[in-house]
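1. Next one to model:
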Amino acid sequence: MAALKSLGLRNFKSIGNKQQVVTLAPITLLFGPNSAGKSTVLQALIYLKEVVSKRNFNPDYSELGGEWLDLGGFKNIVHNHDLANAMEFEVTLAVENDELPSYLTDYEAEQLESEKYPAVADIFESLNDVTIFLSLKWSQLQEKVVVQEYSCKLNGAPVAQIKSSLDGKQIEITALPLAVDFLQTPIPSLGEEESLAYVLAQRLDTTVLGSDGAVLDHAINLDDKDVAEISVQFEKLKDSGSVSKEWLLEAKNVLSLRTTRTAASLKAEIEKVLELNSDTSAAKTIGLPQQKHALPEYTLGLRFDPDVWEEIDGVLSGSKEKLLRTFACGVLNSAVCGPLSCLSTWFEDLNYIGPLRDLPPRNIQARTSVNKSRWAKGLAAWEMLPDASIKLIDEINFWLGEGCLNSGYQVSIKRYRELDESVSFQLFSMLNGEIDLDDQVRLTQMLESIPQKVRVGLTEELTGLEVMPQDIGVGISQLFPVIALSVFQKNGLAAIEQPELHIHPKLQVELADMFVSAVKNKNMMFLLETHSEHLMLRLLRRIREANEERGTDYPEALTTEDLSVQYVQSNDGLTEFKHLRVSDDGDFIDEWPSGFFDERDEELFF
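-> Numbering: from 1, shown residues only. A predicted model of the protein is given here:
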């Protein structure tokens, strides 16, 4: 399952032109003063889901926030409300190597297999992560928000860049580095030396190299560099996607004067890259006239015009040339559009609980349609109970119970049928007389014809009395949606603001254990905007216990890789994020910024 590794933001709300990067882990804590911008990350994910999954670039309300979270549209969330600013997002997802979708039909895949082409999935066998970059800007010409740039990386290596003019008339692939490892896979049916990159270099009429025509480091004098230094520089330039023809030629000339085998091997590799891009120019682009935005239609894939492809006379017959293009398009679509598809799929399992949870009506009923925004105010937690399985109810009660949060309450689900007067009379008559087999059948049918109703309540463990959510303390009513989401959700990210709201310290530390259990036993992640020192201290304790020789009664081991602590602060009105590292001893390697969690020491040692 895909997992969010990092989120980079620029010009979003209080985040300015300097990109701020949030590194995420299975449990990510956002700490900081009030109004510092902690909720910015949660709102950025909610907005990005609208952009990627719904292509809604200017939302006021969203699928996750509903009417309870008014984003206010692009003008409200772009930094300083300045429409000259481009809002940018950079998302990195950890993915399994088979998560990139295939853009080939079953028939096309069978044809390719019969001709000994490698499976598209096999080409991406070493894939570990994907990165998506989006830049959105207000177009005065079109009077709407446009995605002016989309780019993606596989394992950190640039794969493609697509740009759109603000008038929407020019949408082009402006960078397609062919040196990326995934395109070097040999195609046995064409010969051992021919890779997909070689095929694309021959056939794409306007293959592009680098980014924006940028030429990096070509002016550097390589004469005084040894072979190892040139090799390192070559790898860095390839990874950046900006290796220039000028640099390659200079490196080739320098290596020609070296007599070692290493120099000869590196020279041969550079010559191969030069050959791949012998007819390319950084100024050339591949047009995508059927696309409306720089953001690709990830369900359809890229749609090239037929005249993009060069005819290679005498190399392959017409049918085999068509099959080769089918294969090339399939791989390119998986590499370029596949990351977007992975992100959209990941967004399906994103849920959000806001800072204030509402109480449900006394007559709690299951909703007939799914509405994820009901989680924003916590109402979905109660509305899912009538249809919940016994196993899920038991799990909720486990965490509410004495051995965990010790809330003093248990969820009770009672199912019943209401009998009107006529039915009651018939039933009473049957029960007072002798009931034969036919009467039993009639009685069963009569009862089954009456709709079953469900009453959701809470049982007070001390007295056994049944109470409603409205009748208990505000702390439990605020806590219950957090518990329910942790139980109901099986995959993806749960983003929660102030999970500790209105509950005392003992419950806060036990709440931390519930989060640990969820991430260790399911494919879940938590993004928690919090002020709770108690919650954080319990998580640090679990890390420390996992690394101590003496054991612990708690079965779940938490590692430093499982926890990310982000301190959010305002600097001259701009939101900044600082990652605070944690040691194996459960201590912070980095110091907390002054003024946070200092109050306790001041009160104790004044």
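2. in the stretch 451-600 of the chain, which spans are helices?
-> Listed in chain order, the helices of the stretch 451-600 of the chain (DSSP state H, counting those that start in this stretch) span residues 474-488, 505-521, 533-547, 599-605.
3. Can you tell me which of those helices is packed in deepest?
-> Neighbour counts (mean count of other C-beta atoms under 10 Å) averaged over each of the helices of the stretch 451-600 of the chain peak at helix 474-488, with a mean of 22. Quick note: C-beta positions are derived from backbone N, CA and C, even for glycine.
4. pretty sure Glu395 belongs to a helix, no?
-> Yes. The assignment for Glu395 by DSSP: H, G, I helix; E, B strand; the rest coil puts it in a helix.
5. show me what contacts it?
-> With contact taken as C-beta atoms under 8 Å, 6 or more residues apart in numbering, Glu395 is in contact with Val487.
6. cool, His534 as well?
-> Glu500, Pro505, Gln508, Val509, Ala512.
7. Beta-bridge partners for Ala94, please?
-> Taking DSSP bridges as the rule, Ala94 bridges to Ala3, Asp129.
8. Run the chain-centre distance for stretch 350-366.
-> Taking C-alpha atoms, centre = their mean, to the nearest Å, the mean C-alpha location of stretch 350-366 is offset from the chain mean by 24 Å.
9. Put the alpha carbons of that stretch into CSV.
-> Listed next in CSV are the C-alpha coordinates belonging to stretch 350-366 (Å, rounded to 0.1, in the frame of the first residue of the first chain):
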residue,chain,number,x,y,z
LEU,A,350,-7.8,9.9,3.7
ASN,A,351,-10.1,10.9,6.5
TYR,A,352,-10.3,14.1,8.5
ILE,A,353,-11.6,15.0,11.9
GLY,A,354,-11.7,18.6,12.8
PRO,A,355,-11.0,20.3,16.2
LEU,A,356,-14.6,20.4,17.5
ARG,A,357,-16.8,17.3,17.3
ASP,A,358,-20.6,17.6,17.3
LEU,A,359,-23.0,15.4,19.3
PRO,A,360,-25.4,13.2,17.3
PRO,A,361,-29.2,13.4,17.5
ARG,A,362,-30.7,11.1,20.1
ASN,A,363,-32.1,8.9,17.5
ILE,A,364,-28.9,7.9,15.7
GLN,A,365,-29.5,6.3,12.3
ALA,A,366,-27.2,4.9,9.7
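10. picking up where we left off before, can you list the helices of the stretch 451-600 of the chain in a markdown table and add mean pLDDT and distance to Ala264?
-> As requested, the helices of the stretch 451-600 of the chain are exported to a markdown table (pLDDT from 0 to 100; distance: least, C-beta to C-beta, whole Å):
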| stretch | mean pLDDT | distance to Ala264 |
| --- | --- | --- |
| helix 474-488 | 94 | 59 |
| helix 505-521 | 94 | 51 |
| helix 533-547 | 92 | 49 |
| helix 599-605 | 52 | 65 |
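11. right, and these - which one's nearest Ala335?
-> For Ala335, the closest of these is helix 505-521, at 30.5 Å, according to C-beta to C-beta.
12. Output that closest one as PDB - backbone C-alpha positions only.
-> C-alpha atoms of helix 505-521 as PDB (Å, rounded to 0.1, in the frame of the first residue of the first chain):
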ATOM      1  CA  PRO A 505      -3.800  13.500  31.000                       C
ATOM      2  CA  LYS A 506      -4.400   9.800  31.800                       C
ATOM      3  CA  LEU A 507      -6.600   9.400  28.800                       C
ATOM      4  CA  GLN A 508      -4.200  11.300  26.600                       C
ATOM      5  CA  VAL A 509      -1.300   8.900  27.300                       C
ATOM      6  CA  GLU A 510      -3.600   5.900  26.700                       C
ATOM      7  CA  LEU A 511      -4.700   7.500  23.500                       C
ATOM      8  CA  ALA A 512      -1.100   7.400  22.300                       C
ATOM      9  CA  ASP A 513      -1.100   3.600  22.800                       C
ATOM     10  CA  MET A 514      -4.200   3.300  20.600                       C
ATOM     11  CA  PHE A 515      -2.500   5.100  17.800                       C
ATOM     12  CA  VAL A 516       0.600   2.900  18.100                       C
ATOM     13  CA  SER A 517      -1.600  -0.200  18.000                       C
ATOM     14  CA  ALA A 518      -3.400   1.000  14.900                       C
ATOM     15  CA  VAL A 519      -0.200   1.700  12.900                       C
ATOM     16  CA  LYS A 520       1.400  -1.600  13.900                       C
ATOM     17  CA  ASN A 521      -1.600  -3.800  13.100                       C
END
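13. Does that helix pack against any helices or strands, and if so which?
-> Applying 3 or more C-beta pairs under 8 Å, 6 or more residues apart in numbering; DSSP states H and E, we find helix 505-521 packed against strand 27-31, helix 474-488, strand 523-529, helix 533-547.
14. Rounded mean pLDDT for the shortest one, please.
-> In this case it means strand 27-31. The pLDDT scores in strand 27-31 average 97.
15. can you redo the helices of the stretch 451-600 of the chain as a markdown table with distance to Ala381?
-> Shown next, in a markdown table, are the helices of the stretch 451-600 of the chain (distance: least, C-beta to C-beta, whole Å):
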| stretch | distance to Ala381 |
| --- | --- |
| helix 474-488 | 4 |
| helix 505-521 | 14 |
| helix 533-547 | 19 |
| helix 599-605 | 32 |
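16. Looking at those helices, spot the one closest to Glu460.
-> Of all those, helix 474-488 comes closest under C-beta to C-beta, at 10.8 Å.
17. what's the angle from that closest one to strand 523-529?
-> Angle, helix 474-488 to strand 523-529, by axes from the mean of the first three to the mean of the last three C-alpha atoms, to 10 degrees: 150 degrees.
18. quick check: angle from helix 474-488 to helix 505-521?
-> Going by the same axes, to 10 degrees, helix 474-488 makes 10 degrees with helix 505-521.
19. Using CSV, write out every CA atom in helix 474-488.
-> Taking Å, rounded to 0.1, in the frame of the first residue of the first chain, the C-alpha atoms of helix 474-488 are listed here in CSV:
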residue,chain,number,x,y,z
VAL,A,474,-18.0,16.5,26.9
GLY,A,475,-14.6,14.8,27.0
ILE,A,476,-15.8,11.4,26.1
SER,A,477,-18.1,12.8,23.4
GLN,A,478,-15.1,14.5,21.8
LEU,A,479,-12.9,11.4,22.2
PHE,A,480,-15.3,8.9,20.8
PRO,A,481,-14.9,9.9,17.1
VAL,A,482,-11.1,9.6,17.4
ILE,A,483,-11.5,6.0,18.8
ALA,A,484,-14.1,5.1,16.2
LEU,A,485,-12.0,6.3,13.2
SER,A,486,-8.9,4.4,14.5
VAL,A,487,-11.0,1.2,14.6
PHE,A,488,-13.1,1.6,11.4
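20. now the lengthiest helix in the chain: how far from the chain's centre is it?
-> Taking DSSP state H as the criterion, the chain has its longest helix at helix 318-336. For helix 318-336, the separation from the chain centroid amounts to 29 Å (computed by C-alpha atoms, centre = their mean).
21. Give me the mean pLDDT for that helix.
-> Rounded mean pLDDT across helix 318-336 is 87.
22. Give the next helix or strand downstream of that helix.
-> Of the helices and strands lying after helix 318-336 in sequence (DSSP states H and E), the nearest is helix 338-347.
23. returning to what we had before: for Leu458, find the nearest of the helices of the stretch 451-600 of the chain.
-> helix 474-488 (8.0 Å).
24. what helices or strands is that closest one leaning on?
-> Going by 3+ C-beta pairs under 8 Å, 6+ apart, helix 474-488 lies up against strand 351-353, helix 379-383, helix 390-400, strand 491-497, helix 505-521.
25. residues in contact with the fourth one?
-> The contact list for strand 491-497 (C-beta under 8 Å, 6+ apart) reads 1, 4, 39, 42, 45, 346, 348-355, 482, 485-486, 522-529.
26. hmm, which of these are the buried ones?
-> For those, a burial check counting by 16 or more other C-beta atoms under 10 Å picks out 4, 39, 42, 45, 346, 349-354, 482, 485-486, 524-529.
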